[in-house]
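Colleague: Following is a predicted model, sequence given first.
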Amino acid sequence: MERKQTRKIEKTIKNIWPKVRKKHLFPQIPTPIVSEGSSEKVAIEMKAKQIIINPLFLEKLQKKMPEEEVVEALLDHGITHYTYCPWDFTTHLFLYQEAKKVLKDKELTKISTGYFLDVVSDTYCVKGRGTKLPELYKNMEKEGLDQVISSLYQNIWGIDLGTSNFSEVTRRLSRIPYLDRAKWGESIKRFSRVIKPFLEKEEDKKKQNPMGNHSVESYGQEEVDKGLRDFAFRVKSLKEFKEVISDFTEELSDMGYGTEGGMGRGKSMSFDADILFYQKLAENYTLPIRKLPLEGSGSLYPHSHSPWEVGKPVQDIDIWTSFGKIMPGITKIWQRKEGEILKEKEKVPDCIIVIDSSGSMQNPRIKLSYSVLGAMCAASSYLKAGAKVAAYNFSDAEAGGKEVLNFTSKRWEIYKVLCRYFGGGTNLSFNEIENLRKETNPDIFLITDMQITNLEKVIDYFLSVPNRITAVYIGENKHVIRFKQRVEKRQNISFFGVKKKEDIPKIILGKIKEYLRANL
């Protein structure tokens, strides 16, 4: 494509962009750009909320339709994806998950989800925005699945698009309530079920959606981050999360998710959906920790009133509210309070997270582990507060069933240690904790079911150290009762129980927040 033609299209975009933005209520997306795609049959691409128009596609249509109308129609299509469907990455993942329940295959699901998003967006735009999309579809080349979609449009829009009617297929597709957002989950399953025979044809498996494919790359970093966080919270299990997210391994790892250090892909880096799940789920529960405590200024100032009584100092009487009278019950006296000033900024202590991964604990890579989730919530809170975290994962530590990570602020390294599962016996060694403890006088966060073979020694050790200790136990048993009985009088040891996921934000993080503030 000649540069002259590209500049002409850019000028067209510049002229009609204000009109299109106004039509769609001024969405916060950048001005569209022009760039040749991998195929002249693909009209538009979207990357990080950036609409990219393919000049080769426009060149093929310019004899059938004015360039300005083609550009406006494509912009209507692109913008509606951001303003109506899917709206955000969370919705995209949800719709993909529902479609895959019908299609099973990753590639077929991606194609089906893309077409469903297009049908919803284009139908919404035609019904309520005034657009040249019908003329665009009428003049586009159509074959295979595109003919089916065009026939659907012709039927539900009530506009002749010059497409043959697929009778039963069109009828079934036309009954789907595309604009009912509450029914999208069921609608995309019905949609996928109907078009499945067309998707499975070899020629359609390899085809590209002429209106562009919809993937993770369509969204900005913040949108993807929020989408992963919301999706981790929404799914019912670790398995559900992995089944969906693993289909986007390449795109997500390119953006820095699910890999070593979160720095993108590489030959030595492998995508880990398990750790990503716990990381994103934990982010739903993290709470800020105050770093600027108040201290007394040493001076007193009038704060509130109380009734004056005989014997109280008369110099504190407020004559203005006492009507100039010295009488019990009428005269008001000032109550004074010490002033407060901001101290120099203090650091939150570093933290050693000690996590039990013995055979009695849940394997975090098979089913949701409350201990791993709780440990990651704690790690996230300390890291957000500017502290460093050390991790000590133990099973039968004396027999080598342990992993120790020194103090660091690298989240992925911490999460990787916390997510490791040994599945052996339960015996805690104190040497590593002692070495770490002497470095920075840190807090200690222990999470276990307390079924530790050397529990008495563990209790004796924690009773002997002055560090602030948060002990979290999973479930209830006689070992938990024993631990609580022996440490309940110690002011530096707090303990909390977790029986279900909902206990984590209400008990663990809430108490961590209070505990840290109380000791700053």
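Modeller: It's in.
Colleague: Mind giving me the packing neighbours of the helix or strand where L373 lies?
Modeller: Per DSSP states H and E, L373 falls inside helix 370-384. The contact analysis (3 or more C-beta pairs under 8 Å, 6 or more residues apart in numbering; DSSP states H and E) places helix 370-384 against helix 273-283, strand 351-356, strand 389-394, helix 411-418, strand 443-448, strand 469-474, strand 493-498, helix 510-518. For glycine as for every other residue, the C-beta is placed from the backbone atoms N, C-alpha and C.
Colleague: for it, what is the average pLDDT?
Modeller: Average pLDDT, helix 370-384: 91.
Colleague: Centre of the chain to that helix, how far?
Modeller: 15 Å (C-alpha atoms, centre = their mean, to the nearest Å).
Colleague: hey, C-alpha coordinates of that helix in PDB?
Modeller: Extracted C-alpha coordinates of helix 370-384, given in PDB (Å, rounded to 0.1, in the frame of the first residue of the first chain):
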ATOM      1  CA  TYR A 370      -6.500 -22.200  52.100                       C
ATOM      2  CA  SER A 371      -3.000 -22.300  53.600                       C
ATOM      3  CA  VAL A 372      -1.300 -21.200  50.300                       C
ATOM      4  CA  LEU A 373      -4.000 -18.500  49.700                       C
ATOM      5  CA  GLY A 374      -3.600 -17.200  53.300                       C
ATOM      6  CA  ALA A 375       0.200 -17.200  53.000                       C
ATOM      7  CA  MET A 376       0.000 -15.300  49.700                       C
ATOM      8  CA  CYS A 377      -2.400 -12.800  51.200                       C
ATOM      9  CA  ALA A 378       0.000 -12.200  54.100                       C
ATOM     10  CA  ALA A 379       2.900 -11.900  51.700                       C
ATOM     11  CA  SER A 380       1.000  -9.400  49.500                       C
ATOM     12  CA  SER A 381       0.200  -7.200  52.500                       C
ATOM     13  CA  TYR A 382       3.800  -7.000  53.700                       C
ATOM     14  CA  LEU A 383       5.100  -6.400  50.200                       C
ATOM     15  CA  LYS A 384       2.600  -3.600  49.500                       C
END
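Colleague: What residues sit buried inside that helix?
Modeller: By 16 or more other C-beta atoms under 10 Å, the buried positions in helix 370-384 come out as 370-383.
Colleague: TSV for the helices and strands packed on helix 370-384, including mean neighbour count and distance to V244?
Modeller: Putting the helices and strands packed on helix 370-384 into TSV (neighbours: other C-beta atoms under 10 Å; distance: least, C-beta to C-beta, whole Å) gives the following:
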stretch	mean neighbour count	distance to V244
helix 273-283	23	9
strand 351-356	26	27
strand 389-394	26	28
helix 411-418	22	20
strand 443-448	25	28
strand 469-474	23	27
strand 493-498	18	27
helix 510-518	16	31
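Colleague: okay, which residue is most central for this protein?
Modeller: R229 (1.6 Å; C-alpha atoms, centre = their mean).
Colleague: Tell me how far that residue lies from A282.
Modeller: 9 Å (C-beta to C-beta, to the nearest Å).
Colleague: picking up where we left off before, can you list the helices and strands packed on helix 370-384 in TSV and add mean pLDDT and distance to K4?
Modeller: Below are the helices and strands packed on helix 370-384 laid out as TSV (pLDDT from 0 to 100; distance: least, C-beta to C-beta, whole Å):
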stretch	mean pLDDT	distance to K4
helix 273-283	94	47
strand 351-356	95	62
strand 389-394	96	58
helix 411-418	95	49
strand 443-448	93	65
strand 469-474	90	68
strand 493-498	86	67
helix 510-518	49	62
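Colleague: Can I get these in a markdown table including distance to F57?
Modeller: Formatted as a markdown table, the helices and strands packed on helix 370-384 follow (distance: least, C-beta to C-beta, whole Å):
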| stretch | distance to F57 |
| --- | --- |
| helix 273-283 | 36 |
| strand 351-356 | 54 |
| strand 389-394 | 51 |
| helix 411-418 | 41 |
| strand 443-448 | 56 |
| strand 469-474 | 57 |
| strand 493-498 | 56 |
| helix 510-518 | 54 |
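Colleague: right, so of these, which gets closest to R181?
Modeller: Among the helices and strands packed on helix 370-384, helix 273-283 comes nearest to R181, with 24.1 Å by C-beta to C-beta.
Colleague: For that closest one, give me every contacting residue.
Modeller: Counting contacts by C-beta atoms under 8 Å, 6 or more residues apart in numbering, the residues outside helix 273-283 that touch it are 228-229, 231-233, 238, 241-242, 245-246, 249, 252, 257-258, 364-365, 369, 372-373, 376-377, 379-380, 411-412, 415-416, 418-419.
Colleague: Could you export that helix as CSV, CA atoms only?
Modeller: Listed next in CSV are the C-alpha coordinates belonging to helix 273-283 (Å, rounded to 0.1, in the frame of the first residue of the first chain):
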residue,chain,number,x,y,z
ALA,A,273,-1.4,-21.2,35.9
ASP,A,274,-1.5,-22.5,39.5
ILE,A,275,0.6,-19.8,40.9
LEU,A,276,-1.1,-17.2,38.8
PHE,A,277,-4.5,-18.3,40.3
TYR,A,278,-3.3,-17.9,43.9
GLN,A,279,-1.6,-14.6,43.1
LYS,A,280,-4.7,-13.1,41.5
LEU,A,281,-7.1,-14.5,44.1
ALA,A,282,-5.0,-13.2,46.9
GLU,A,283,-5.0,-9.7,45.4
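Colleague: So A375 sits against I352, correct?
Modeller: No. Applying C-beta atoms under 8 Å, one finds A375 not in contact with I352, separated by 11.1 Å.
Colleague: overlap in contacts of the two?
Modeller: Counting by C-beta under 8 Å, 6+ apart, the contacts common to A375 and I352 are A391, F445.
Colleague: which residues of this protein fall in strands?
Modeller: 33-34, 44-47, 50-53, 294-307, 332-342, 351-356, 389-394, 402-408, 443-448, 469-474, 493-498 (DSSP state E).
Colleague: dump the residue contacts of E223.
Modeller: K49, D88, F89.
Colleague: tell me the contacts of I156?
Modeller: Contact analysis of I156 by C-beta under 8 Å, 6+ apart lists T123, S174, Y178.
Colleague: what number of residues lie near the last one?
Modeller: Same thing as Y178. When counting by other C-beta atoms under 10 Å, one arrives at 23 neighbours for Y178.
Colleague: give the contact list for it.
Modeller: V119, V120, T123, Y124, I156, S187.
Colleague: Excluding chain neighbours, give the residue nearest to D272 in space.
Modeller: Once flanking residues are discounted, D272 sits nearest to G258: 5.5 Å by C-beta to C-beta, 6 or more residues apart in numbering.
Colleague: picking that back up, measure how the helix holding L373 sits relative to strand 351-356, angle-wise.
Modeller: 170 degrees (axes from the mean of the first three to the mean of the last three C-alpha atoms, to 10 degrees).
Colleague: Now do helix 370-384 against strand 469-474, angle only.
Modeller: Using the same axes, to 10 degrees: helix 370-384 against strand 469-474 is 150 degrees.
Colleague: and the direction of helix 370-384 versus that of strand 443-448, what angle?
Modeller: 170 degrees.
Colleague: and E456, how many neighbours does it have?
Modeller: Neighbours of E456 (other C-beta under 10 Å): 12.
Colleague: and the gap between it and V487?
Modeller: E456 is 12 Å from V487, by C-beta to C-beta.
Colleague: Name the residues linked to V389 by a beta bridge.
Modeller: C351, T408 (DSSP bridges).
Colleague: That's all I had, so thanks and see you.
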